[in-house]
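In: No sequence on hand, only this structure:
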């Protein structure tokens, strides 16, 4: 493959894309990587423990004005590839797409699905159909993030041949054996919930599911949100051992997850990816996630986890019990989950996969299997 320059256009800098960008920047088929973002990491994400790692080798531009956007695009070579994380609303992305079309540069979209629930979802679909005609015609690929990404882009008119399943590819953190422990040794299974304590994230469903479990469990909850009062009431009324932490720095999250047997992600509305699924698998924990969770596409086998319907505490409880009873929580399966994640979800794997997509799209190479296959 002829060396390419890759330009990523982002709403905000994201720690969940930094590994992909860095791995591309050192790949022999890539001459340079640019990240053009409208803003740095938002304050609400920082308050949740997020931090932005350094990205050596990646050229970063923050909040460019229109003339800078035009200059960046026009100075890119005809062999460059521009990847836009979204289509609407974000100034540098809207202006960047227009400049790319004017300059005749190669480009594509990397995006989660838009929210599709209810009447607002119907309006968003109509909006995509009526405003994205030129982009549908000229974009050469769509990196559709998560279980529901490909369906959204297909339903909004993009050619099936242009759509590729995609993910957030992360950097695994090595956990020492001394840090890892299994709650089973104390006769209880350790269940974890990580994320905002909101109804959209299904936190109320999670608490109801805990009441339906027949197995002895202990619980870790990490996050903050509008349902904190509901959690306080649950702790007061129930006798389930429970640890609550409002926020954990990103670099410490793997240690917490390595101490969990099952991580539950019960989102009741479409969740583009949910990085905690990837982090849980890296740490060896099994996952129970609803079909609304984008990363549930990874749960292709019992040893990885269970996918359930949304909004059902009964289904969540059954999923947890199934993992307990089928032997998925054994030490051997913990190792297998970590190994599977290392082969499918790292920045290095994502970089190789993206370049395979480029070879297929621009050089008639073989269409790659989805990142989660095998």
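Out: It's in. Keep in mind that what you see is a predicted model, and the values were worked out from it rather than measured.
In: residue ranges with poor pLDDT in the stretch 151-300 of the chain?
Out: 175-186 (pLDDT under 70).
In: For it, which segments count as helices?
Out: Applying DSSP state H, counting those that start in this stretch to the stretch 151-300 of the chain gives helices spanning 203-212, 228-237, 253-258, 275-283.
In: Reformat those into CSV and put distance to residue 75 and mean neighbour count next to each item.
Out: Just so you know, the C-beta spots here come from the backbone N, C-alpha and C atoms, and that holds for glycine as well. Output for the helices of the stretch 151-300 of the chain, formatted as CSV (distance: least, C-beta to C-beta, whole Å; neighbours: other C-beta atoms under 10 Å):
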stretch, distance to residue 75, mean neighbour count
helix 203-212, 47, 21
helix 228-237, 49, 13
helix 253-258, 39, 20
helix 275-283, 33, 26
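In: Could you identify the longest helix within this structure?
Out: In the chain, taking DSSP state H as the definition, the longest helix is helix 347-363.
In: mind listing what's buried in that helix?
Out: Residues 347-362 are the ones in helix 347-363 that count as buried (16 or more other C-beta atoms under 10 Å).
In: between the helices of the stretch 151-300 of the chain, which gets nearest to residue 25?
Out: helix 275-283 (21.0 Å; C-beta to C-beta).
In: Not counting the closest one itself, show me its contacts.
Out: Applying C-beta atoms under 8 Å, 6 or more residues apart in numbering, the contact partners of helix 275-283 are 16, 167-168, 170, 172-173, 175, 192, 194-195, 253-254, 257-258, 260, 263, 265, 286-287, 289, 293, 295-296, 298-299, 304-305, 337-338, 340-342, 345.
In: most centrally placed residue in this structure?
Out: residue 273 (3.3 Å; C-alpha atoms, centre = their mean).
In: List the residues that contact that one.
Out: Counted by C-beta under 8 Å, 6+ apart, residue 273 has contacts 16, 112, 145, 146, 167, 168, 293, 294, 295.
In: Which parts of the stretch 151-300 of the chain are strands?
Out: For the stretch 151-300 of the chain, the strands defined by DSSP state E, counting those that start in this stretch cover 163-166, 189-194, 217-222, 242-245, 262-265, 286-290.
In: right, so of those strands, which gets closest to residue 62?
Out: Among these, strand 163-166 sits nearest to residue 62 (C-beta to C-beta), with 24.1 Å.
In: list the helices and strands the closest one packs on?
Out: strand 142-145, helix 149-155 (3 or more C-beta pairs under 8 Å, 6 or more residues apart in numbering; DSSP states H and E).
In: Could you give the separation of it from the chain centroid?
Out: 13 Å (C-alpha atoms, centre = their mean, to the nearest Å).
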